[in-house]
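Colleague: predicted model, plus sequence, below.
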Amino acid sequence: GQQVMQIPQYQHVQEGEDFTTYCNSSTTLSNIQWYKQRPGGHPVFLIQLVKSGEVKKQKRLTFQFGEAKKNSSLHITATQTTDVGTYFCAGRHNQGGKLIFGQGTELSVKP
Amino acid sequence: GAVVSQHPSRVICKSGTSVKIECRSLDFQATTMFWYRQFPKQSLMLMATSNEGSKATYEQGVEKDKFLINHASLTLSTLTVTSAHPEDSSFYICSARDWGEQYFGPGTRLTVT
């Protein structure tokens, strides 16, 4: 079936280091969304990317959508302890289609 | 952003009993709601898509007779876990779509003893 692969599964960083998580789909995505889930919490929508090659920034977070619309990345610059949580990408293979979640990347930040 | 509520937030039930979980869109009408299940340290797995006034569409491997979904109004969908067993213990999260964006409820943690 249609899948969205996400790596790495875990990432441990020292506060101030950068962090990147990657998502990849074998087929073209209509759009991709990113969510953050804090421990014990529910996923919170961060952003949606729709256009090929799109890059969006939210403060220290940079989101990219690949030219072929098959991959995406989330990069956090100078991580802080408040960045701790699991980051999920979720893609749709067609407009209005179901959202398929990646496995998530759990980020821990050591102060 | 739009708000989605879920009730209850936590429930503990005995094996063999049924549990109903409510999902409400508080400030928008949601023609489509989604039910996900998340096991510890795992991703969200879509269980079913619920459309107001029609039968839910279940994902492969999800028993429709065990997980009853009712979407009676544009602001309310319910998931009933029937004859619950310990393996049904999980975090159940609903989501409602509003103009293309999906908003997630806070989740319901179900523990079956």
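Modeller: Sure thing, it's come through.
Colleague: can you report how many residues neighbour residue 30?
Modeller: No chain specified, so I'll use chain A. A:Ser30: 13 surrounding residues under other CB atoms under 10 Å in any protein chain shown. Placement of C-beta: from N, CA and C, glycine included.
Colleague: nope, chain B
Modeller: Around B:Ala30 there are 27 other residues, counting by other CB under 10 Å.
Colleague: quick check: it vs chain A, distance?
Modeller: From B:Ala30 across to chain A, the span is 14 Å (CB to the nearest CB, to the nearest Å).
Colleague: helix, strand, or coil at that residue?
Modeller: coil (DSSP: H, G, I helix; E, B strand; the rest coil).
Colleague: shaky segments in the chain?
Modeller: I'll assume chain A. In the predicted model, chain A carries pLDDT under 70 at residues A:1, A:96.
Colleague: look at chain B instead
Modeller: Using pLDDT under 70, chain B drops low at B:1, B:100.
Colleague: unless I'm mixing things up, B:Leu110 is touching B:Ala84, no?
Modeller: Yes - in terms of CB atoms under 8 Å, B:Leu110 counts as a neighbour of B:Ala84; the distance is 7.3 Å.
Colleague: what sits in contact with each of those two?
Modeller: B:13, B:19 (CB atoms under 8 Å, 6 or more residues apart in numbering or on different chains).
Colleague: ramachandran angles for B:Pro86?
Modeller: Main-chain torsions, B:Pro86, degrees, to the nearest 10: phi -50, psi -30.
Colleague: quick check: it touching B:Leu110?
Modeller: No - B:Pro86 lies out of contact with B:Leu110 (CB under 8 Å); the separation is 10.4 Å.
Colleague: of the two, who's got more company?
Modeller: Set side by side, B:Pro86 and B:Leu110 give different neighbour counts by other CB under 10 Å, the larger being at B:Leu110 (21 against 9).
Colleague: how close does that one get to A:Asn24?
Modeller: Distance, B:Leu110 to A:Asn24, using CB to CB, to the nearest Å: 32 Å.
Colleague: which of the helices or strands spans B:Leu110?
Modeller: When secondary structure is defined by DSSP states H and E, B:Leu110 falls within strand B:108-112.
Colleague: in that strand, what's buried?
Modeller: B:108-110, B:112 (16 or more other CB atoms under 10 Å in any protein chain shown).
Colleague: cool, and stretch A:18-35?
Modeller: Applying a neighbour-count criterion of 16+ other CB under 10 Å, the buried positions in stretch A:18-35 are A:19, A:21-25, A:29, A:31-35.
Colleague: do stretch A:66-78 as well
Modeller: Going by neighbour count (16+ other CB under 10 Å), the buried part of stretch A:66-78 is A:66, A:69-74, A:76.
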